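Peer 1: what follows is a predicted structure for the sequence shown.
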Amino acid sequence: MKKHFLLILLLFLMTSSIISASDFSSRAYWISTGLTQSTPNTWLCFRKTFNLKEVPKQLMASIAADTKYWLWVNGQQVVFEGGLKRGPAPGDSYYDKIDIAPYLNKDENTIAILVWHFGKNGFTHQNSGTCGLLFSAQSPEISIVSDRSWQSREYDAYTNTDAPFPNFRLSESNIRFDARKKTDRWNVPGYKGHFGSSEIVGSPERAPFGKLVLRPIPMWKNSGLIDYKGIYRSEKSDTIHCKLPYNCQVTPYLKVDAPEGLTIHMLTDNYNGGGERNVRAEYITCKGVQEYESYGWMNGHEILYVIPSGVKVLELKYRETSYAADIEGSFTCNDPFYTELWKRSARTLYVTMRDNYMDCPDRERSQWWGDEVNELGEAFYAMGLSGQQLAVKGIYELVNWQRADGVMYSPMPSGNRQQELPMQTLASIGWYGFQTQAFYSGDNSFVPAVYDAMKIYLHKVWSVDSDGFPIPRSGEWNWGDWGDNIDMNVLTTCWYYLALKGEKVFAQQLGKSEDAQMIERMMKQIEKGFDQRYWTGSAFRSADYKGETDDRTQAMAVVSGLASKDKYKALCNVLHKEFHASPYMEKYVLESLFQMNDAEFALKRIKQRYEKMLSYKQYTTLFEGWGIGAEGFGGGTTNHAWSGGPLTLLSQKVCGVEPIEPGFKKFIIAPQMGTLTQCSTVIPTKYGKINVDISKKGIKLALKINIPEGSTAVLRFPSGKEVNLNSGEYSISGK
């Protein structure tokens, strides 16, 4: 098994490296300064001056750094925070491609690059052990490669703060900048200060930086420096509170007049988000008027500047950088509660997107795959098409980091954690994870690269008993959800069945008929014995489970298809009474209610569960648990990825828009409005935007529908009547 898996991984990575290696000249080397070690939180400056007889129409620069970089060409900033956290596969690195031709001049040109070396492992970053930069730009007119001719120096104005430090999950450090040591204008043409020569520390495609994989997601959006929405300072306080428009990823800026040697502190109201310290910044003043932007992003609803006596504040601004996709979807209805819930869900999704899907952007910034399954589903109803690329990046990483024993785990890429959560992995590779990504996007190009790894995990790592049921695995953390009353045996069976269901679709797509037949037999065995093993006459329950009836269990039996329709009435009764799920699993509880045509209570339960969360008017994002801090789970972050499940359901079930052919080429509109009288949704697809607006009066529906060119739809009224629609605009009424 081990040899088989390693061969698959090697073939995939060889293919990736063949494509990417051609972007780097054989004369380009990883470079660093002669004195630099892999010290955490190291910052390096690089410069290269060269001449051009003619400016090329295009000059693509391939740039890799451990870990982040900022690029200027002729004094103009071209990239604000380039690079991705390391780990397309263990030991490997990502690189960017940027066209620098628009910034070049005839005759002399200067490239300047600032590199931030994280220098320590994190839950979603693997430290290479070496601080370095790799640069290659090739055209018939010019060849620019990183080598010993580049000037470099350590930027010692950047140092570490004193304690407290970020918690161990984060690879980022606090940033302290001592303006007394700053190097003015080092990144513009004509700089005459002292830089040393660079040293070669590695070659492309080799250790310690590993194989190079082209960045699979866009460069960040960049707002530029903008004013805060409001600034206030409490009486006799040294802290200035600067309001942001919503929870977002920002870098703080200041302009002050001050004597030298005073320390200004910068952090957010989310600094202790999830019960753990995250990142903050410090600025030590020089004498006179000065300005500074701290380049390490932080998130929250407010930036806090702690200003010592003697400092005169002239300007405070911020820059929002974010994943380069817009929130193009929408949902509104006649009840503002659900409209606001969708909006906060979308904001929560957006603030948990960057290098990877995150559980939360404060405590961890980690790619936990249970969270990512919910996030990728939401993205199809909320985000523009580029937003879908982040899930595919995560899919490749999950498979590439598969251990030699076949186990897949999260979070990853990881330098300090390799522990399996079996049910999160089953969710990831199954129906709601890989299959949803392939079907909703209409792009299953990743399937051949991941199929064998899925097969190894499901059929070599997992075992089944004599009745064909999966034998529960402890992994390193047998986690099913936050909260109590979790019937793990039934949940394991349902998640395993859903993983087989997704695997079967992929086997059929790849023409693996023997695999598909084998998977079908396994599914039939579970279907045949499910009721006998778990059905009590009123609910599903495993024999050794002693807690209160688990709402999650009933929901998963329904959404997996293992619960027959004759049990729906009893299961609805259970879900009207039992409330144990955290926001993570509540998504499936709510979905099961819609599937059982109990939309009225589904909407009621949404309000019951989320009402307290939405009562906090100061927040634009959703929480890890149902309350804050001790009332939450796992530390209680106030911006947690998995809580946005209602976003999917409001567009997908209430407005009723779901694909029935890949990529929404054909979709169904089957509204389940419950007690609502009006709802509308916009859904971005590769064919264009789907627009559905529905009004209800009594039992009669009036719909306005726009179907993009290239798509078709089936409109299904509550009575069961169906109408087939081609692309175009429609106004239709019916019951």
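Peer 2: Yep, it's here. Residues are numbered from 1 along each chain as shown.
Peer 1: what about the helices in the stretch 501-650 of the chain?
Peer 2: Using DSSP state H, counting those that start in this stretch, the helices of the stretch 501-650 of the chain run over 513-534, 551-560, 568-577, 583-595, 599-614, 645-649.
Peer 1: orientation of the third one relative to helix 583-595 in degrees?
Peer 2: This points to helix 568-577. Using axes from the mean of the first three to the mean of the last three CA atoms, to 10 degrees, the direction of helix 568-577 lies 140 degrees away from that of helix 583-595.
Peer 1: give the buried residues for helix 568-577.
Peer 2: Residues of helix 568-577 classed as buried: 568, 570-572, 574-575 (neighbour count, 16 or more other CB atoms under 10 Å). C-beta here means a position set from N, CA and C on the backbone, and glycine is covered the same way.
Peer 1: just give me how far that helix sits from the chain centre.
Peer 2: Average the C-alpha atoms of helix 568-577, do the same for its chain, and the two points are 34 Å apart (CA atoms, centre = their mean, to the nearest Å).
Peer 1: and for the fifth one?
Peer 2: Averaging C-alpha positions (CA atoms, centre = their mean) puts helix 599-614 26 Å from its chain's average.
Peer 1: give me the residues contacting that helix.
Peer 2: Judged by CB atoms under 8 Å, 6 or more residues apart in numbering, the contacts made with helix 599-614 from elsewhere in the structure are 337-338, 340-341, 344, 572, 575-576, 579, 583, 586, 589-590, 593-594, 622-623, 626-627, 643, 646, 649, 653-654, 672-676.
Peer 1: using a markdown table, lay out the helices of the stretch 501-650 of the chain together with distance to Lys686 and mean pLDDT.
Peer 2: Below are those laid out as a markdown table (distance: least, CB to CB, whole Å; pLDDT from 0 to 100):
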| stretch | distance to Lys686 | mean pLDDT |
| --- | --- | --- |
| helix 513-534 | 27 | 98 |
| helix 551-560 | 26 | 98 |
| helix 568-577 | 35 | 98 |
| helix 583-595 | 24 | 98 |
| helix 599-614 | 29 | 98 |
| helix 645-649 | 18 | 98 |
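Peer 1: on that earlier part again, of the contacts of helix 599-614, buried ones?
Peer 2: 338, 341, 344, 572, 575, 579, 583, 586, 589-590, 593-594, 622-623, 626, 643, 646, 649, 653-654, 672-674, 676.
Peer 1: circling back to that earlier point, would TSV of the helices of the stretch 501-650 of the chain with distance to His301 be doable?
Peer 2: Formatted as TSV, the helices of the stretch 501-650 of the chain follow (distance: least, CB to CB, whole Å):
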stretch	distance to His301
helix 513-534	45
helix 551-560	31
helix 568-577	34
helix 583-595	20
helix 599-614	15
helix 645-649	20
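Peer 1: look up how far Lys68 lies from Ser294.
Peer 2: Counting by CB to CB, to the nearest Å, the gap between Ser294 and Lys68 amounts to 13 Å.
Peer 1: report the central residue of the protein.
Peer 2: In the chain, the centroid-proximal residue (CA atoms, centre = their mean) is Tyr357; its distance is 1.4 Å.
Peer 1: show me the shaky parts of the stretch 351-500 of the chain.
Peer 2: Along the stretch 351-500 of the chain, segments meeting pLDDT under 70 are nowhere present.
Peer 1: in it, which spans are helices?
Peer 2: Using DSSP H, counting those that start in this stretch, helices in the stretch 351-500 of the chain cover 369-382, 389-400, 422-429, 436-441, 447-456, 488-509.
Peer 1: any idea which of those gets closest to Gly132?
Peer 2: Proximity to Gly132 (CB to CB) singles out helix 389-400 among the helices of the stretch 351-500 of the chain, at 21.7 Å.
Peer 1: which outside residues touch the closest one?
Peer 2: Contacts of helix 389-400 (CB under 8 Å, 6+ apart): 9, 12-13, 87-90, 216-218, 323, 353, 356-357, 367, 369, 372, 375-376, 379, 408, 410, 412-413, 428-429, 433-434, 437, 443, 446, 449-450, 453-454.
Peer 1: which residues touch Glu320?
Peer 2: By CB under 8 Å, 6+ apart, the residues touching Glu320 are 221-223, 226, 248-250.
Peer 1: so it: helix, strand or coil?
Peer 2: The three-state label for Glu320, taken from DSSP: H, G, I helix; E, B strand; the rest coil, comes out as strand.
Peer 1: residue contacts, the spatially closest residue to it that is not a sequence neighbour?
Peer 2: Of all residues not flanking Glu320 in the chain, Ser223 sits nearest, at 4.2 Å (CB to CB, 6 or more residues apart in numbering). By CB under 8 Å, 6+ apart, the contact set of Ser223 is 319-321.
Peer 1: which residues of the stretch 1-150 of the chain fall in strands?
Peer 2: With strands called from DSSP state E, counting those that start in this stretch, the stretch 1-150 of the chain shows them at 30-33, 42-52, 60-66, 68-73, 76-82, 93-99, 107-117, 132-138, 143-145.
Peer 1: closest one to Gly475 among those strands?
Peer 2: Comparing the strands of the stretch 1-150 of the chain against Gly475 with CB to CB, the closest turns out to be strand 93-99 (28.2 Å).
Peer 1: and that closest one, what's buried?
Peer 2: Applying a neighbour-count criterion of 16+ other CB under 10 Å, the buried positions in strand 93-99 are 93-96, 98.
Peer 1: count of neighbours near Glu729?
Peer 2: Counted with other CB atoms under 10 Å, the burial measure for Glu729 works out to 9 neighbours.
Peer 1: quick check: the gap between it and Ala599.
Peer 2: Distance of Glu729 to Ala599, given as CB to CB: 27 Å.
Peer 1: just Gly635 next, same as before
Peer 2: 34 Å.
Peer 1: same question for Asp452.
Peer 2: With CB to CB as the criterion, Asp452 and Ala599 are 41 Å apart.
Peer 1: does His265 count as helix, strand or coil?
Peer 2: Under the three-state scheme (three-state DSSP), the conformation of His265 reads as strand.
Peer 1: among the contacts of Glu320, list the two that are farthest apart in space.
Peer 2: Of all pairs drawn from the contacts of Glu320, the one with the longest distance (CB to CB) is Ile226 and Gln249, at 13.6 Å.
Peer 1: thinking again about what came up before, out of the helices of the stretch 501-650 of the chain, nearest to Phe506?
Peer 2: Closest among the helices of the stretch 501-650 of the chain, once you apply CB to CB, is helix 513-534, at 8.9 Å.
Peer 1: what residues does the closest one touch?
Peer 2: 455, 464, 467-469, 490, 493, 496-497, 500-501, 503-504, 507-508, 540-543, 557, 562, 564.
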